[in-house]
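A.B. asks: When you get a sec, could you give me coordinates for this:
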Amino acid sequence: MSAKTSIGRCNLSRLSYLIGLLLLQCLVLQASTSDAQPSRVAQIEVVATAVPRPAQLALTSSGRLVVLSQGWRGDSAAEIYWLDPTGVQPIDASRAPRLVIPFAEGPRKTALGSLAVDSKSGDLFLGEENGNRIYRLAAARRLSPLAVGLNHLLGGSSLTLDREGRLVVLDYASFESQLRSESPVPPALEALAVEDYTGPLVFRINPEEDVPLPRRFELVAPVFPRPPVRRVAGEPLHKFIAVAPFGRDSLALLNSVGEVLILSPEGQLRRLARLPSGHFHRTNMAMGPDGSVFISAGFHIRELYRVSPAGLVTSVAHELGDPQGIAVDRSGALYVAETALHRIIRIRPTDP
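C.D. replies: Residues are numbered from 1 along each chain as shown. This is a model prediction of the structure:
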């Protein structure tokens, strides 16, 4: 083999290496800066940037956007932002004021992972992620426990306010979840325990009711399942992971396998739709002004779905950066927290 041949092969090898390195850098850059892809019926705008790990969103009656953030360092239970989505955009959240909620004293270090806003008072309701308690943050920035005693409160849309201003909360009864509970066997759920009930629970309480606080969920009868409860035959119902008001008195529920269910005021369930298969994690749900259900599918699916009142499922946007919190304004515009990209986007869907 000649020296020229060796040098030529060496140069070709170096060139191949450099080309491969350049392609790898391009792929990394593309993955880190990829934008959400709207469907043909949507427009996407960036509303706020530099929001550290935004998890939940809600809109006040005045139109301000409330953001529940996990913070850059994870050294607090939550950080709360109040942003004006009608001002100059994109908003640089690093320059915006925020409220930092520290972890509770002692061994309890549970972060806050669910959010709802009282449209009348502007008070916030905050739930512990994988915890047992719900807190109320008054407009005067005073935090106090509202309710305790749940088995397992998830993050995402695991609590909401119905059209009457009552707080709706999702829970789950099982041996494993009772190990997380603050009370061994809740007296109000003794019938469920006797019947060996394993499955989802839906509670509804009035935050304005004149009763001693914090409310104890072991003293509150669930609206689902309604007593008397029979022994569950076969496989238990899948866990409910998101809830939103539906119509006048009903509730829309999403379970862990992607079924969208409607819970009637009488406590009866019917299936509205089934989402495409996938792993739903920290999933959020909100109602549009036309009665559609919007579902932000989370990290693994990275898609935003719309379910019409008739049960038709369509995709509003895909390739999102870990879509979590979602809120809908009166015009039907969607605000979505892209947690992985630390920003809030606005999607203006049109009729499909």
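A.B. asks: domain assignment for the protein?
C.D. replies: 1-33, 39-349 (automatic domain parsing).
A.B. asks: Kindly compare burial across those and name the winner.
C.D. replies: Each of those was scored by mean neighbour count; the highest is domain 39-349, a mean of 18, by mean count of other C-beta atoms under 10 Å. For glycine as for every other residue, the C-beta is placed from the backbone atoms N, C-alpha and C.
A.B. asks: which residues of the stretch 1-150 of the chain fall in strands?
C.D. replies: Under the criterion DSSP state E, counting those that start in this stretch, strands of the stretch 1-150 of the chain are mapped to 37-38, 42-49, 54-59, 65-69, 78-83, 91-92, 98-101, 112-117, 124-128, 134-137, 143-148.
A.B. asks: To Ile345, which of those lies closest?
C.D. replies: strand 42-49 (5.6 Å; C-beta to C-beta).
A.B. asks: which residues of the stretch 1-150 of the chain score low on pLDDT?
C.D. replies: Counting by pLDDT under 70, the stretch 1-150 of the chain has low-confidence residues at 1-42.
A.B. asks: So which residue is smack in the middle of the protein?
C.D. replies: Gly156 (2.3 Å; C-alpha atoms, centre = their mean).
A.B. asks: Who are the contact partners of it?
C.D. replies: Gln56, Gly113, Ser114, Ile241, Ala242, Arg282, Thr283, Asn284, Gly298, Gln324 (C-beta atoms under 8 Å, 6 or more residues apart in numbering).
A.B. asks: Kindly report the same for Leu126.
C.D. replies: Contacts of Leu126 by C-beta under 8 Å, 6+ apart are Leu68, Ala78, Ile101, Leu112, Ser114, Leu115, Ile134, Tyr135, Arg136, Leu137, Leu143.
A.B. asks: thought the third one was touching Glu79?
C.D. replies: Which is Ile101. Yes. The pair Ile101 and Glu79 passes the contact test of C-beta atoms under 8 Å, sitting 7.2 Å apart.
A.B. asks: about what we covered before: I'd like the strands of the stretch 1-150 of the chain laid out as TSV, including distance to Gly267.
C.D. replies: Conversion of these to TSV gives the following (distance: least, C-beta to C-beta, whole Å):
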stretch	distance to Gly267
strand 37-38	38
strand 42-49	36
strand 54-59	27
strand 65-69	30
strand 78-83	33
strand 91-92	43
strand 98-101	35
strand 112-117	22
strand 124-128	23
strand 134-137	22
strand 143-148	21
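A.B. asks: what about those, which gets the closest to Val313?
C.D. replies: strand 42-49 (15.1 Å).
A.B. asks: That closest one pairs with which strands, and in what direction?
C.D. replies: strand 91-92 (parallel), strand 343-349 (antiparallel) (DSSP bridges).
A.B. asks: Now tell me what touches that strand from outside.
C.D. replies: 35-36, 38, 65, 67, 83, 85, 89-93, 316-317, 335, 342-350.
A.B. asks: send the alpha carbons of that strand over as PDB?
C.D. replies: Output in PDB follows, covering the C-alpha atoms of strand 42-49 (Å, rounded to 0.1, in the frame of the first residue of the first chain):
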ATOM      1  CA  ALA A  42     -54.600  25.600  14.200                       C
ATOM      2  CA  GLN A  43     -52.200  28.500  14.700                       C
ATOM      3  CA  ILE A  44     -49.500  28.600  17.400                       C
ATOM      4  CA  GLU A  45     -48.000  31.600  19.200                       C
ATOM      5  CA  VAL A  46     -45.500  31.800  22.000                       C
ATOM      6  CA  VAL A  47     -47.000  33.700  24.900                       C
ATOM      7  CA  ALA A  48     -44.300  33.400  27.600                       C
ATOM      8  CA  THR A  49     -40.800  32.100  27.800                       C
END
